[in-house]
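In: Have a look at this prediction, sequence included:
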Amino acid sequence: MKTLWGDLETYSDTPIKNGTYRYAQDAEIMLFTYALDDDPVSVWDLTAGEPMPDDLAEALLDDSILINFQNSMFDRSVFRLARNTNPILVQAGEAIHRWRDTMVKALAHSLPGALGKTCEIFNLAEDVAKQKDGKALIQLFCKPRPAKTKLRRATAATHPAEWARFLEYAKGDITSMRIVDRKIPDWNYPSQELSHWHLDQKINDRGVLIDLDLAHAAIAAAEEAKARLASECHALTNGEVESATKRDKLLAHLLLEYGIDLPDLQASTLERRINDPDLPPAMKELLVNRMQASMGSTSKYKAMLKAVNDDGRARGLLQFDGASRTGRWGGRTVQPQNMFRPPKYLSKDWEFSVEAVKAGAAPLFFDNVMEATAGLARAALIPARGKKFVVADLSNIEGRILAWLAGEEWKLQAFRDFDAGTGHDLYKLAYAKSFGIEPEDVDDGDQRQVGKVQELALGFQGGVGAFLTFALVYNIDLEELAEAAFGTLPDWAKLEAKKFYDYSVKKKRSTFGLSEKGFVVCDALKRMWRAAHPNIEAFWDELESAFFKATNNAGKKFTARRCTFVRSGNWLRVIMPGGRSLCYPSPRAEGENEPNKRKLSYMGVNQYTRQWQRVGIYGGKCAENITQSCACHVLKDAMPGIEAVGYEIVLTVHDEVICEAPDTDEFNETQLSELLAANPPWALDMPLAAAGFQGYRYRKG
């Protein structure tokens with residue numbers, strides 16, 4: 001098939017950070033750069049009043065010609081929404097099945113999404129001076145001029161020489177896109193991933209309705225609370241610190257006034273101090289003030305208000321394959337994937353909490369208004385009038401897939417028994433195994449949460465650090481846990497954990513701020529979990545070994561249970577059940593192929609620095625990548641069937657689908673859960689389950 005390669009240069013008074021669709025609504029197309037297949041690049045200058053070139057019109061109207069842009073959700077939205085669009089562009093923008101995207105193809109193979117970054121990786125980077133000039137030209141012509149300047153917008157008339165350079169610069173991306181597209185493998189794209197992306201584009205076009213009244217009321221309540229907290233902090237510090245958000249001043253005051261030198265003011269640090277019974281009451285009050293004042297209670301609501309289109313819906317909140325290697329979605333604009341976990345008191349009466357904020361009565365009902373408003377951000381997502389939300393979430397999907405991949409049969413049977421109503425909740429089972437009690441004696445509150453932390457933290461070779469990370473997420477005090485658990489742990493686990501603690505202290509390795517007993521208990525629980533999961537522990541080593549051997553033996557295939565490793569050129573592929581490949585560019589395997597002697601790495605985007613650099617990997621991390629990728633594809637494979645029966649997906653959040661549906665009994669969480677947990681053809685023997693709810697606001701299920 002023929003391909004129309006394209007790129008737009010646009011102008012809008014609305015910042016792009018407000019979101020693609022909100023930007024596009026106010027955008028004006030200035031230049032449309034295009035080429036058919038390998039033909040020379042042409043530029044249609046709309047600012048000159050030129051009509052659409054005939055060859056471009058013919059290509060856009062021809063349904064047999066593919067349309068390929070970089071980050072095409074932007075261009076397709078501009079086609080449909082720009083102020084100076086036309087029927088041909090609108091028609092082409094709505095023909096989602098014709099669209100292809102070089103960025104999505106890059107992301108599907110573990111490369112950066114930005115074209116410039118991908119070009120650098122393939123040694124196609126342009127002249128630095130030319131790149132710098134191009135960025136300056138975009139700044140000049142595509143954005144409003146600074147507020148203090150008389151000229152509010154630069155044009156070809158005001159800057160003719162720069163405009164001539166801009167016309168030439170605009171052609172460059174087409175050339176780069178065509179070369180990059182040929183260099184990127186096609187293992188994951190096209191294929192089924194392409195149809196998944198087309199559905200993703202429909203979901204992003206659909207968007208989700210925002211309760212604007214709640215957003216405005218929550219912002220007002222949080223701002224009022226923030227002012228009150230600042231006043232209290234000022235009083236508590238005798239006027240020395242005007243607000244608890246002033247980090248350095250507050251740390252200095254705590255040292256001078258109380259003789260306490262805190263390393264930082266992170267929530268985990270403050271929580272440990274606040275729970276100290278010997279803490280002076282005034283200092284405790286000040287630390288509580290800091291914890292409340294530093295909460296980002298308004299950021300989600302402000303992002304929602306900036307992102308909404310004229311119809312009140314926020315769009316473009318998902319980035320397909322945004323998590324790159326695993327294929328999971330990334331969040332955009334509102335970032336629905338990382339909303340604040342609501343405290344229990346909100347979840348118990350969700351609608352009442354919303355109405356209290358909307359009525360301006362938050363201080364009357366909530367001791368911590370900042371926490372309450374942050375926790376209600378999900379509630380600002382609502383269905384259209386006459387419809388309802390039906391939501392379903394895959395249950396413990398990562399635990400199920402990891403057990404299935406590794407062949408941990410007792411655990412797979414435990415999942416099947418639980419799904420059949422004859423077995424125990426796996427989180428309760430994990431707690432019971434560790435504390436030597438019967439599963440039916442584990443409560444639904446804190447004890448089950450401890451079991452959940454074990455399952456989430458330890459399945460991918462995590463240790464004490466991972467245990468601490470998840471404990472903070474689920475508000476578990478590890479020192480209290482240590483006191484409760486120490487006497488129940490077997491001697492062998494405590495002895496090995498104590499040896500590891502002594503070794504860590506001797507080598508000056510981190511003990512994560514835990515007491516000796518706290519560290520020993522966490523490490524002992526890790527050892528007990530591994531002893532109970534011999535196949536998963538063996539799976540980690542087999543993955544490492546297959547990575548090592550495949551990297552050093554190009555073209556040969558090596559298996560690790562259900563996965564196949566093979567090096568193809570400069571890529572290591574992990575071919576998973578279902579056929580999708582995890583891609584590791586420029587793999588490296590050093591040392592000896594024995595446990596603890598392997599040094600494995602690849603080139604990737606560092607999750608902390610966001611830079612393209614060499615990244616280390618080990619068996620547990622590889623298991624995590626594979627598990628998350630399989631979990632994502634269980635979700636993706638179920639979505640077409642969900643849409644086919646009338647559920648309109650408006651968002652995916654982790655392993656959850658949020659659907660807008662007619663407000664009738666025909667559409668319900670039981671049916672949606674069955675559709676979501678339908679086994680894909682590549683995993684017919686995997687125990688899957690889902691649960692959900694229906695209502696008129698989104699909430700944490």
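Out: It's in.
In: Low-confidence stretches in the stretch 151-300 of the chain?
Out: Within the stretch 151-300 of the chain, the stretches with pLDDT under 70 are 268.
In: Now do the helices in it.
Out: Along the stretch 151-300 of the chain, counting by DSSP state H, counting those that start in this stretch, helices occupy 160-170, 172-183, 192-206, 212-236, 247-258, 267-274, 281-293, 299-307.
In: Mean neighbour count, those: which tops it?
Out: For the helices of the stretch 151-300 of the chain, the largest average neighbour count (mean count of other C-beta atoms under 10 Å) is found in helix 299-307, namely a mean of 21. C-betas here are computed from N, CA, C, even on glycine.
In: which helices and strands does it pack with?
Out: helix 20-25, strand 208-210, helix 212-236 (3 or more C-beta pairs under 8 Å, 6 or more residues apart in numbering; DSSP states H and E).
In: So in the protein, where's the weakest helix or strand by average pLDDT?
Out: Here the helix or strand of the chain ranked lowest by mean pLDDT, DSSP states H and E is helix 267-274, holding a mean of 73.
In: How far does that one sit from its chain's centre?
Out: 26 Å (C-alpha atoms, centre = their mean, to the nearest Å).
In: Just want the angle from it to helix 247-258.
Out: Helix 267-274 and helix 247-258 are oriented at 20 degrees to each other (axes from the mean of the first three to the mean of the last three C-alpha atoms, to 10 degrees).
In: returning to that earlier point: got CSV for the helices and strands packed on helix 299-307, with distance to residue 182 too?
Out: Shown next, in CSV, are the helices and strands packed on helix 299-307 (distance: least, C-beta to C-beta, whole Å):
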stretch, distance to residue 182
helix 20-25, 27
strand 208-210, 37
helix 212-236, 46
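In: Of all those, which one is nearest residue 458?
Out: Counting by C-beta to C-beta, residue 458 lies closest to strand 208-210 out of the helices and strands packed on helix 299-307; the figure is 35.1 Å.
In: residues in contact with residue 488?
Out: Residues in contact with residue 488 (C-beta atoms under 8 Å, 6 or more residues apart in numbering) are 434, 435, 436.
In: The second one: how many residues sit nearby?
Out: This means residue 435. By other C-beta atoms under 10 Å, the residues close to residue 435 number 19.
In: which residue sits closest to it, ignoring its sequence neighbours?
Out: Of all residues not flanking residue 435 in the chain, residue 488 sits nearest, at 4.9 Å (C-beta to C-beta, 6 or more residues apart in numbering).
In: Residue 456 versus the one you found, what's the distance?
Out: Using C-beta to C-beta, to the nearest Å, we find residue 488 at a distance of 21 Å from residue 456.
In: quick one, strands of the stretch 501-650 of the chain?
Out: With strands called from DSSP state E, counting those that start in this stretch, the stretch 501-650 of the chain shows them at 557-560, 563-568, 571-575, 581-585, 588-591, 598-605, 612-617, 648-653.
In: Of all these, which one comes closest to residue 86?
Out: Closest to residue 86 of the strands of the stretch 501-650 of the chain is strand 648-653 (C-beta to C-beta; 28.5 Å).
In: I'd like the next helix or strand past the closest one.
Out: As assigned by DSSP states H and E, the chain's next helix or strand after strand 648-653 is strand 656-662.
In: which residues sit against that next one?
Out: Against strand 656-662 from outside (C-beta under 8 Å, 6+ apart): 206, 208, 381, 383-384, 386-394, 635, 638-639, 642, 646-652, 667, 672, 676, 698, 701.
In: which residues touch the most centrally placed residue in the chain?
Out: The centroid of the chain falls nearest to residue 330 when counting by C-alpha atoms, centre = their mean (4.1 Å). When contacts are counted by C-beta under 8 Å, 6+ apart, residue 330 touches 318, 319, 321, 322, 323, 337.
In: right, and the first one touches residue 204 too?
Out: Yes. The pair formed by residue 318 and residue 204 meets the contact definition of C-beta atoms under 8 Å, at 5.7 Å.
In: ok, and the closest non-adjacent residue to residue 59?
Out: Counting by C-beta to C-beta, 6+ apart, the residue nearest residue 59 is residue 4, at 4.5 Å.
In: Test my guess that the one you found contacts residue 68.
Out: Yes. The criterion here is C-beta under 8 Å, and residue 4 meets it with residue 68 at 7.0 Å.
In: For residue 216, see how far away the closest residue to residue 314 other than its chain neighbours is.
Out: Leaving aside its chain neighbours, residue 314 sits nearest to residue 307 (4.2 Å; criterion: C-beta to C-beta, 6+ apart). To residue 216, residue 307 is 14 Å away according to C-beta to C-beta.
In: about what we covered before: helix/strand/coil for the residue nearest to residue 59?
Out: strand (DSSP: H, G, I helix; E, B strand; the rest coil).
In: Return the residues in contact with it.
Out: Here residue 4 is in contact with 34, 35, 36, 56, 59, 60, 65, 66, 67, 68 (C-beta under 8 Å, 6+ apart).
In: The second one is in contact with residue 43, isn't it?
Out: It refers to residue 35. No. Counting by C-beta under 8 Å, residue 35 sits too far from residue 43 to count as a contact (10.1 Å).
In: pLDDT weak spots in this structure?
Out: Using pLDDT under 70, the chain drops low at 125-130, 268.
In: ok, back up a step: more neighbours: which of residue 35 and residue 43?
Out: With neighbours defined as other C-beta under 10 Å, residue 35 and residue 43 compare such that residue 35 has more, 22 against 18.
In: contacts for whichever helix or strand the more buried one is part of?
Out: Taking DSSP H and E as the definition, one finds residue 35 inside strand 28-36. Contact with strand 28-36 is made by 2-12, 41-47, 55-56, 59, 65, 78, 82-85, 89, 141-142, 166-167, 170-171, 173-174, 178, as judged by C-beta under 8 Å, 6+ apart.
In: Give me the neighbour count for the closest residue in space to residue 350 that isn't next to it in sequence.
Out: Closest residue to residue 350 apart from its sequence neighbours, by C-beta to C-beta, 6+ apart: residue 699 at 5.2 Å. Each residue near residue 699 was counted by other C-beta under 10 Å, and the total is 19.
In: Isn't residue 699 up against residue 351?
Out: No. In this structure residue 699 lies outside contact range of residue 351 using C-beta under 8 Å: 9.5 Å.
In: quick one: the residue lying closest to residue 195 once chain neighbours are set aside from residue 200, how far?
Out: Excluding the flanking residues, the one nearest residue 195 by C-beta to C-beta, 6+ apart is residue 640, at 7.5 Å. In this view, residue 640 and residue 200 are 11 Å apart by C-beta to C-beta.
In: Equivalent analysis for residue 9, please.
Out: 25 Å.
In: ok, now residue 285?
Out: For residue 285, the distance to residue 200 - C-beta to C-beta - is 48 Å.
In: Export the contacts of residue 488 as a markdown table, with columns for distance to residue 185.
Out: Converted to a markdown table, the contacts of residue 488 look like this (distance: C-beta to C-beta, whole Å):
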| residue | distance to residue 185 |
| --- | --- |
| 434 | 44 |
| 435 | 49 |
| 436 | 51 |
